[in-house]
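**Q** I'll drop the sequence and a predicted model, then ask my questions.
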Amino acid sequence: MKVANEASLQDIYSLLNIAVVGHTNTGKTSLIRTMLRSTQFGKIEDGAGTTRHVERATIFAGNEAILNLHDTPGIEDSHALSRQLKSISSQHKSLSAAEILEKFISTTPIDDPLEQEAKVIRQVLRSDVLLYVIDVREPVLEKYLIEIEILSKAMKPIIPIFNFIAEHTEELAIWRKKLAAFNIHASLEFDTVAFSFEAEKRLYQKIQSLVELHYDRLQKLINHRAKVWDQLCLSAAKRIVDLIVSIACYRESKCSQSNSTVNLAAAQKLKDFVRKAEQSCLGDLLAIFNFSEKDIALQKIPVSNGRWQLDIFAPGVLKSYGLDVGSAALKGAAAGAGIDLMVGGLSLGAASALGAIAGTGWSTFKRYGKEIKAKIQGTQWLCVDENTLQILYLRQYQLLAKLMHRGHAAYRADQIDTAATSASGKLPHNWPDIISILQQNPAWYKPSTSRNQNPQYHDIESKLIKALLGNDQNHLESVKM
């Protein structure tokens, strides 16, 4: 999304204006970052009072501006603010609640202890809707109830946003009960760290119900956001499919002498190809969801400078995934390294036909000619074994899930537990058949016209995407388009 810097005052106030308000350090800036899909807006720190001035960002549907978000400083002294407003009310008994707030703004000088609160109230009066961000981990103290009472004087719709809700069900129930006493029921659970697209959609729908004038434009934003989100998830799934296909299809030739230097070099070349392909995929996935290697390294996700801390070929990795370390790994040159020795990728039927090459049809020879020639010359092939491909798929499955549910305000480590990966992910239906087909089509290891036009390839791609996205019908319909 875009941050507006050049819009005129007329443009700013013709749009829907939403003030994000609340006590200090409840996640106001985090909420806006998550809504903007950007880690660049504002500044986030653990200390209180990070935001000192009102900052504005504009959300677009394509090229059309829909609404302005205003990040306000935290209300730090609600008791002093309440006393000041009561003092103004006693001196000007004829003023309405909103007029008392206006009077407070006009009589609060620069460098006043309540200057920050004045900035908040000024933006509240200029806005159409207030998003009151609540950290549900905090007890329901009197100062928070005073803040809500003061904000209600502006006569603007208030939507409480419950932040940091994970594992805090009881605290959330208490907050809901207290807000009901103020006749505030249109609240929303929106965790800025554990992102949910459906929660974001419900937020805009709640705003729709409160500002009828902007209903159609908000619907346009909802539709646009849904389309973009589907495209992001589909693009990410397709990128993972491309990774799985390229590695399953790739192989290196091996001479008949299994312990030769040439064979060791071939095994190392295959490993390097796998590592490089996975790193490239990781970078693309981060870019798709607008994360960066710098952010990931800073946040200590199991990636450091764009490299997985877990080496897919490291000893013990297969065992940690509950996989068979004794699968047909090549002895000597690549023992236990997740590399198979195969006979040209041929199916059993095609391999048996090698005994009668003279009778092989042209179509078979055209497809397997390289393998048949290699077999005659005693050449064999090295390819990645099924266990390694399973690890590769499960890692990408879990990474995709993390990225799809990671808010752009998240800054704490989001660890991927290798021991739990096999349990958290499920291999696609008919996985062995899929891998077998891929290994019989080595030319598919890189995109080509023939691959892209092959019905069998499209069937595999569709199945893998379906598995990665969890049978989401919206994504599946996009695949068919």
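**A** The structure has been received and is ready for your questions. Numbering: from 1, shown residues only.
**Q** residue 225 and residue 202 touch, don't they?
**A** No: applying CB atoms under 8 Å as the test, residue 225 and residue 202 come out as separate, 11.9 Å apart. Backbone N, C-alpha and C define where each C-beta goes, glycine included.
**Q** quick one: contacts for residue 81?
**A** Neighbouring residues of residue 81 by CB atoms under 8 Å, 6 or more residues apart in numbering: 75, 114, 117, 146, 150.
**Q** just the ones in helices from those residues, please.
**A** 117, 146, 150 (DSSP state H).
**Q** what residues are up against the last one?
**A** In this structure, residue 150 makes contact with 78, 81-82, 85, 101, 121, judged by CB under 8 Å, 6+ apart.
**Q** do you know the pLDDT at it?
**A** With respect to pLDDT, residue 150 scores 93.
**Q** ok, back up a step: between the ones in helices among the contacts of residue 81, which is nearest residue 403?
**A** Nearest to residue 403 out of the ones in helices among the contacts of residue 81 is residue 117 (CB to CB; 38.2 Å).
**Q** state the distance from the closest one to residue 80.
**A** 8 Å (CB to CB, to the nearest Å).
**Q** give me the below-cutoff pLDDT ranges for the stretch 301-450 of the chain.
**A** By pLDDT under 70, the low-scoring segments of the stretch 301-450 of the chain are 301-379, 409-425.
**Q** redo that, cut-off 80
**A** 301-381, 407-425 (pLDDT under 80).
**Q** domains in the protein, by residue range?
**A** 9-210, 235-480 (automatic domain parsing).
**Q** need the next SSE after whichever helix in the chain runs longest, C-terminal direction.
**A** Ranked by residue count and defined by DSSP H, the top helix of the chain is helix 215-249. Reading on from helix 215-249 to the C-terminus, the next helix or strand found by DSSP states H and E is strand 251-254.
**Q** so which elements touch the next helix or strand after that next one?
**A** Later in the chain than strand 251-254, the nearest helix or strand by DSSP H and E is helix 261-288. When contacts are defined as 3 or more CB pairs under 8 Å, 6 or more residues apart in numbering; DSSP states H and E, helix 261-288 packs onto helix 215-249, strand 251-254, helix 293-299, strand 307-308, strand 339-342, strand 380-384, helix 386-404.
**Q** now the angle from helix 261-288 to helix 386-404?
**A** Between the axes of helix 261-288 and helix 386-404, defined by axes from the mean of the first three to the mean of the last three CA atoms, to 10 degrees, the angle is 20 degrees.
**Q** all numbers from here: first residue = 15
**A** Understood, numbering begins at 15; the last thing we discussed is helix 275-302.
**Q** helix 275-302: which residues count as buried?
**A** 277, 280-281, 284-285, 287-288, 291-292, 295-296, 299-300, 302 (16 or more other CB atoms under 10 Å).
**Q** separation between residue 441 and residue 482?
**A** 11 Å.
**Q** brain fart, residue 473
**A** On the measure of CB to CB, residue 473 and residue 482 end up 15 Å apart.
**Q** and residue 131 and residue 94? which has more neighbours close in?
**A** In this view residue 131 and residue 94 are compared by other CB atoms under 10 Å, and residue 131 has more residues nearby, 26 against 12.
**Q** so for residue 32, what's the nearest residue that isn't a sequence neighbour?
**A** Residue nearest to residue 32 in three dimensions, not counting chain neighbours: residue 143, with 4.9 Å by CB to CB, 6 or more residues apart in numbering.
**Q** tally of neighbours for that neighbour?
**A** 19.
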